[in-house]
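Participant: Test case, fold it:
(2 chains)
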There are 2 protein chains.
Amino acid sequence: MRGAVIHAPGDVRFEERDDPKIINPTDAVIRTVATCVCGSDLWDYRGINQVTEPTPIGHEYVGIVEETGGDVTSVQPGQFVIGSFFASDNTCAHCRYGYQSSCRHREFVGGCQAELVRVPLADGTLVATPDRPTDDLVPSLLALSDVMGTGWYAAVAAEVTPGMTVAVVGDGAVGLSGVIAAKELGAERIIAMSRHTTRQKLATEFGATDIVTERGDAGVARIKELTGGVGADAVLECVGTPESTQQALRSTRPGGNVGFVGVPHGVEIDGEELFFSHVALRGGPAPVRRFLPDLINRVFEGRIDPGKVFDLTLPLDQVAEGYRAMDERRAIKTLLRP
Amino acid sequence: MRGAVIHAPGDVRFEERDDPKIINPTDAVIRTVATCVCGSDLWDYRGINQVTEPTPIGHEYVGIVEETGGDVTSVQPGQFVIGSFFASDNTCAHCRYGYQSSCRHREFVGGCQAELVRVPLADGTLVATPDRPTDDLVPSLLALSDVMGTGWYAAVAAEVTPGMTVAVVGDGAVGLSGVIAAKELGAERIIAMSRHTTRQKLATEFGATDIVTERGDAGVARIKELTGGVGADAVLECVGTPESTQQALRSTRPGGNVGFVGVPHGVEIDGEELFFSHVALRGGPAPVRRFLPDLINRVFEGRIDPGKVFDLTLPLDQVAEGYRAMDERRAIKTLLRP
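Facilitator: Got it, this is the predicted structure:
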């Protein structure tokens, strides 16, 4: 089969790879229906994360089960399935508490920008859709595999409840998904922080009521101004830099919550400032598995359409162009079809 | 009147001071029935916080209202009252959300180790007891003014709910009060981290089911061992050092919560470690005012007896000895009576 392999920063190639096989009886192999490029793939592509050897890349996928190991009982060949970037057994203590991305047996599901993908712990990881989805639902279902699940977790971690004022820091696919989540969870006012016209437009379509273009201290001041000097009840941090983290923390009212889902790069939080802010923090790699059944329903019912974050669709063999377009910010997110 | 004044590290004197007066029509002056020495007073006493000039000290008090300003309506002369170390209007947005210690008009109530105390924003700050308490209730009511309110907030911030396993880092008066709070909020298992026999004994009396004497990595390992490798559901951080904060964060299970109420001194939190831990954090100066009515009831009903944290009672004029005893760890907490 063929799949994407990153050889060095800026060098993603679509090439022949060995077909994935069932290694453990709990594995499944799926035939990819759609996959995509993640903002976090760009950390490798831009050389911020080291690439020491040619590595299959991609961790978002939907597909049809091709083959299952002998112990797999919850999915079967022919089913359309979605899974998270972290395989989880969904039975350990951490999974039972809803933190499947801290599963004691978690495995990263890599190399998904490919025609076939091996998914470990298939019973715990994969969720089959109720019916085989129509083609127009595929982008939104694919989004659940990471960005929509992550945006949802950001809102849940920030304890968004009906009537709240929510600010979203970051206008990438995760931030935009966070807007959808805040809206679905009943936020009354959703302030999207964005300075890109196309992203502002999508944020508004997803439910943002206000757009703030200022950043840093000016962004914080604007949020305070919009909230009568109080601050937002909940803030979703969807970037992961020291600046965005500080902006999120300082935009939140005392007693409010920050959900942080941007993987922190160089972030240090000052204990004394956090203390006197009275702001609560919860973050981490999203336990996407927890939310999949609910989110699949919302997509099938037509309540949410997170697939709109894909503004570029390419055949899988043009994966390199998919990376380039995102790197150059010509695309928010690239969907790839084998 | 007479009161305690700190002149320099190690130098607390009981001396003549001007009688406090009503300055604003929202003030009250109370005649102190009991006051005490706080662990945080020791930061000054030990020279960790700078003392630049002679300063009246103490911020915990219960007393009888002596006089009220013209705008005060909720308390009246003759009533027995309790207030927090932060005066608050109890009407601003932050107060209404229950974060009175972030009140927009908050004022620190200092110089309370004295015969009389001026309390600003008396309507928002002071809570009168239903009846004049008998003398044996005074220590427990005094504890509500800070340590018990703070221990309670630690447990609330850590989202303690019935059936949980709770660990408490710190065996000072706040940590011990945290044990009481965890018990009252329904924790099934309460692990007190302490290596002092008298404090272990009191923790057990207050409801601790396990005592862990190890600290740092060994303490974390012991908590993991006691919880089947999972970690505690909630951890109360009642110290404020980098070591105790790390110990708290690492003792918590993914998805669990740390309530941190020890004022952080030199604490930096690594964003990436916090992210991958899936642990939530909320801290700050306790909004004691939020909890006072409930805690007063619990004391009057005899459900809690936080006054037991006072293991030394002295006449107010021996305040200097009260500091010495705590500094030398001969006492957990000193109660002072005018």
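
Participant: Can you give me the separation between the residue of the stretch 1-150 of chain A found nearest chain B and B:Ala280?
Facilitator: Residue nearest to chain B within the stretch 1-150 of chain A: A:Ser102 (3.6 Å; C-beta to the nearest C-beta). Glycine gets a C-beta too; all of them are placed from N, C-alpha and C. Going from A:Ser102 to B:Ala280 by C-beta to C-beta, to the nearest Å gives 13 Å.

Participant: Likewise for A:Val119?
Facilitator: Distance, A:Val119 to B:Ala280, by C-beta to C-beta: 29 Å.

Participant: Going along the chain, name the helices of chain A.
Facilitator: Secondary structure of chain A, counting by DSSP state H: helices at A:41-45, A:93-96, A:122-125, A:138-144, A:147-157, A:173-184, A:197-206, A:216-226, A:242-251, A:271-277, A:288-300, A:319-327.

Participant: Show me which residues of chain A sit near chain B.
Facilitator: Selection of chain A residues close to chain B by C-beta under 8 Å from any C-beta of the partner chain yields A:93-94, A:97-99, A:101-102, A:157, A:228, A:230, A:240, A:242, A:245, A:253-255, A:260, A:263-272, A:274-285, A:287.

Participant: Which PyMOL command selects the buried ones in these?
Facilitator: Per 16 or more other C-beta atoms under 10 Å in any protein chain shown, the buried members of the residues of chain A next to chain B correspond to this PyMOL selection:
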select buried, chain A and resi 93+94+97+98+99+101+102+157+230+240+245+253+254+255+260+263+264+267+269+270+271+274+275+276+277+278+279+280+281+282+283+284+285+287
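
Participant: Now do the contacts for the residue lying closest to the residue of the stretch 1-150 of chain A closest to chain B once chain neighbours are set aside.
Facilitator: Spatial nearest neighbour of A:Ser102, chain neighbours left out: B:Pro254 (3.6 Å); criterion: C-beta to C-beta, 6 or more residues apart in numbering or on different chains. Listed by C-beta atoms under 8 Å, 6 or more residues apart in numbering or on different chains, the contact set of B:Pro254 reads A:His94, A:Tyr97, A:Tyr99, A:Ser102, A:Gly284, B:Gly231, B:Ser277, B:His278, B:Val279.

Participant: So which residues make contact with the lowest-mean-pLDDT helix or strand in chain A?
Facilitator: One helix or strand of chain A scores below all others by mean pLDDT, DSSP states H and E: helix A:41-45, with a mean of 93. By C-beta under 8 Å, 6+ apart, the list of residues contacting helix A:41-45 from outside reads A:6, A:9-10, A:12, A:49, A:51, A:55, A:57-59, A:263, A:265, A:323, A:326-327.

Participant: again, but for stretch A:242-252
Facilitator: Contacts of stretch A:242-252 with the rest of the structure, by C-beta under 8 Å, 6+ apart, involve A:167, A:169-170, A:193, A:215-217, A:219-220, A:223-224, A:231-239, A:258, A:260, A:262, A:264, A:266-269, A:273-274, A:277, A:279, A:281, B:271.

Participant: Which parts of it count as buried, going by neighbours?
Facilitator: Buried-residue list, stretch A:242-252, by 16+ other C-beta under 10 Å: A:Ser244, A:Thr245, A:Gln246, A:Gln247, A:Ala248, A:Leu249, A:Arg250, A:Ser251, A:Thr252.

Participant: okay, these in CSV with pLDDT next?
Facilitator: Below are the buried residues of stretch A:242-252 laid out as CSV (pLDDT from 0 to 100):
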residue, pLDDT
A:Ser244, 97
A:Thr245, 97
A:Gln246, 98
A:Gln247, 98
A:Ala248, 98
A:Leu249, 98
A:Arg250, 98
A:Ser251, 98
A:Thr252, 98
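
Participant: and of those, the nearest to chain B?
Facilitator: Nearest to chain B among the buried residues of stretch A:242-252: A:Thr245, at 6.4 Å, using C-beta to the nearest C-beta.

Participant: Would you agree A:Gly110 is in contact with A:Gly58?
Facilitator: Yes: counting by C-beta atoms under 8 Å, A:Gly110 does reach A:Gly58; the two are 7.3 Å apart.

Participant: Comparing these two, which residue is more hemmed in?
Facilitator: Neighbours per residue (other C-beta atoms under 10 Å in any protein chain shown) separate A:Gly110 from A:Gly58, with A:Gly58 holding more: 27 against 15.

Participant: Give me the neighbour count for A:Asp81.
Facilitator: Just to correct that, residue A:81 is Val rather than Asp. A count of nearby residues for A:Val81, using other C-beta under 10 Å, gives 24.

Participant: and the residue of the stretch 1-150 of chain A closest to chain B, what is it in contact with?
Facilitator: Contact analysis of A:Ser102 by C-beta under 8 Å, 6+ apart lists A:His94, A:Gly284, A:Pro287, B:Pro254, B:Gly255, B:His278.

Participant: Next one: it, what pLDDT does it get?
Facilitator: Predicted confidence (pLDDT) for A:Ser102: 98.

Participant: For the closest residue to A:Met148 other than its chain neighbours, which residues are in contact?
Facilitator: In space, and not counting its chain neighbours, A:Met148 is closest to A:Pro306: 4.0 Å by C-beta to C-beta, 6+ apart. Contact partners of A:Pro306, counting by C-beta under 8 Å, 6+ apart, are A:Ser140, A:Ala143, A:Leu144, A:Val147, A:Met148, A:Gly151, A:Leu176, A:Ser177, A:Ile180, A:Val299.

Participant: try 10 Å
Facilitator: The neighbours of A:Pro306, taking C-beta atoms under 10 Å, 6 or more residues apart in numbering or on different chains as the test, are A:139-144, A:147-149, A:151-152, A:173, A:176-177, A:179-181, A:206, A:295, A:298-299.

Participant: now swap in A:Gly262 and tell me
Facilitator: By C-beta under 10 Å, 6+ apart, the residues touching A:Gly262 are A:39-40, A:150, A:154, A:169-170, A:172, A:174-175, A:236-241, A:244-245, A:248, A:283, B:271, B:275.

Participant: now it: how far from B:Gly271?
Facilitator: With C-beta to C-beta as the criterion, A:Gly262 and B:Gly271 are 10 Å apart.
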